[in-house]
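Visitor: Task: produce atomic coordinates for the following.
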Amino acid sequence: MTGEKTGGATRVVMVMATIRQRIAGRSLTPGAKLPSVRSLAAALKVSTSTVVDAYERLVGEGAILSRPGSGFYVAGQAAPFSLVEAGPQLDRVVDPFWVSRQSLETSDDILKPGCGWLPSGWLPQQSMRRALRTMSRAEGPVLADYSSPLGLPSLRQLIARRMAERGMEAFPDQIMLTESGTQAIDLICRLLLEAGDTVLIDDPCYFNFHALLRAHRAKIVSVPYTPSGPDIEVLARVLADHRPRLYITNSAIHNPTGATLSPVVAHRVLKLADQFDLTIVEDDIFADFEHVPAPRLAAFDGLTRVIHIGSFSKTLSASARCGFVAARPEWIDGLTDLKIATSFAGGRLSSELVLATLSDGSYRKHVEALRHSLAQAMATVSTRLKALGIIPWLEPQAGIFLWCRLPDDIDAADVARIALERNIVLAPGNVFSLSQSASSFMRFNVSQTLDPHVFDVLGDALDTVRKPDFSQSGTREEFAAAGRG
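Guide: Presented below is the predicted three-dimensional model:
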């Protein structure tokens, strides 16, 4: 009976929690029979309908089984222990998965300056709600059917117009919708790579590029990134020595550095790509954060060697999974076949939701306000970090990231472990660096770094790592203990 209340929670939830606790505490073991509906209702002083409702929900969860005519029983296998409920995984190796796992698995009340997305309150929730209300009245196919393999035509037309605003020409049939920017890169790798092929990335770069390429068993090489783009002299040497098939990069707002590609460097990159038969994957998921559009490799190249990808997870919603890939027609044809083979067809519901929200006149106003808020956050966070001796590598023109050097060449992984003990997720530099040359760097998401507690913990962690006895403590348990001290 969901109307009955006790201490702010429904009685049904209370009954369910009681049963879960008994199962977790092994007072109810796998296969054991649960109390009858009447006896449990009497013991907990609730109605029999409340217990029936609780039992049915637990059956739906798979925690218990219903045997008609016999009663309810604990499922044959105990529910797996949840690391999420146990809190942060302090002993996990600090690798390219570290920030993602800590950011995604920990609870919402943990501060996450190291994550790569905006706080939910910064996103256009009212526009999303309006779109959802509109979609609830849509015809059946919108709510129930697969999308076409290329994706919703009207959304692809809108994406083509948005690309044209940034100097890129792509017809709607050169655009395929995906569930995310990551899925777009995954499909491109499936199409263009064989196991053992070489792929070039920036150093530093988005850490999930490392993880994704390793999943494809690619050989990874890197080129140092400068405030105006990849180091051209090193790039030429790497291309000559390793002959990579692909180069995956950001152009507009680089992750993690916040740097912007210059037109001169863009032209030189494309000349080298022609010389060495290199295909470039341009990840442009931060496009809407820009105040003034930066040069795009796809604009100079005309989608000949450049494959352009994007998504709407950063400014609209990470929950509405929708991205896109724009490329020359024969590649789109191959990517479409791969999309069918691996996910059959796109989610029409997400595409319709994104289209409705982007078509809402309030979206442009939302983005303008978001840019202003991010500029203010960038200035505030930069000032507070500098007061701790944490110095930005550059002052970005736009975006959400500050790439910073810690004082005294302190190892950012040590600071991140101590901060995690105090429920703050940070992004240490070497998770972004193939060469492992960024140990004293850290990436900060300015929208997630405004809570004063972040700076208190950072200051304490820096002081702890500076202590003479810290460098002699060789275990993570000692690092954690130092963080508690």
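Visitor: What are the buried residues along stretch 429-441?
Guide: 429, 430, 431, 432, 433, 434, 438, 439, 440, 441 (16 or more other Cβ atoms under 10 Å). Every residue, glycine included, has its C-beta placed from N, CA and C.
Visitor: Give me the distance from it to the chain's centre.
Guide: Counting by Cα atoms, centre = their mean, to the nearest Å, stretch 429-441 is centred 19 Å from the centre of its parent chain.
Visitor: Now do that stretch: everything it contacts.
Guide: With Cβ atoms under 8 Å, 6 or more residues apart in numbering as the test, stretch 429-441 has contacts from 94-96, 98-99, 201, 203-207, 210, 220-222, 256, 393, 403-406, 409-413, 428, 442-443.
Visitor: hmm, which of the residues you listed are the buried ones?
Guide: 94, 96, 98-99, 201, 203-207, 210, 220-222, 256, 393, 403-406, 410-413, 428, 442-443.
Visitor: Let's see which of those residues end up in strands.
Guide: For the buried ones among the contacts of stretch 429-441, the ones inside strands are 201, 203, 220, 221, 222, 403, 404, 405, 428, 442, 443, with DSSP state E as the criterion.
Visitor: could you give the mean pLDDT of the strand or helix carrying residue 416?
Guide: Using DSSP states H and E, residue 416 maps to helix 412-421. The average pLDDT within helix 412-421 is 94.
Visitor: do the same with stretch 67-81
Guide: The model assigns stretch 67-81 a mean pLDDT of 76.
Visitor: Okay, and the beta partners of residue 222?
Guide: residue 201 (DSSP bridges).
Visitor: How is this protein partitioned into domains?
Guide: 5-74, 84-122+365-484, 146-359 (automatic domain parsing).
Visitor: Pipe these into CSV and attach distance to residue 139 per row.
Guide: Formatted as CSV, the domains of the chain follow (distance: least, Cβ to Cβ, whole Å):
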stretch, distance to residue 139
domain 5-74, 30
domain 84-122+365-484, 28
domain 146-359, 11
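Visitor: ranking the ones you listed by burial, who's on top?
Guide: domain 146-359 (a mean of 20; mean count of other Cβ atoms under 10 Å).
Visitor: Could you work out the end-to-end span of that domain for me?
Guide: End-to-end distance for domain 146-359: 22 Å, by Cα to Cα, to the nearest Å.
Visitor: do the same with stretch 318-328
Guide: Per Cα to Cα, stretch 318-328 runs 27 Å from first to last residue.
Visitor: for that stretch, what is the average pLDDT?
Guide: Rounded mean pLDDT across stretch 318-328 is 94.
Visitor: Distance of residue 419 relative to residue 255?
Guide: 21 Å (Cβ to Cβ, to the nearest Å).
Visitor: can you check residue 118 too?
Guide: 14 Å.
Visitor: Pull the number of nearby residues for residue 361.
Guide: Per other Cβ atoms under 10 Å, the neighbour tally for residue 361 reads 7.
Visitor: Pipe the ones in strands among the buried ones among the contacts of stretch 429-441 into a markdown table and attach pLDDT and distance to residue 74 per row.
Guide: Formatted as a markdown table, these follow (pLDDT from 0 to 100; distance: Cβ to Cβ, whole Å):
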| residue | pLDDT | distance to residue 74 |
| --- | --- | --- |
| 201 | 98 | 49 |
| 203 | 98 | 52 |
| 220 | 97 | 47 |
| 221 | 97 | 53 |
| 222 | 97 | 52 |
| 403 | 98 | 51 |
| 404 | 98 | 51 |
| 405 | 98 | 54 |
| 428 | 96 | 43 |
| 442 | 98 | 46 |
| 443 | 98 | 45 |
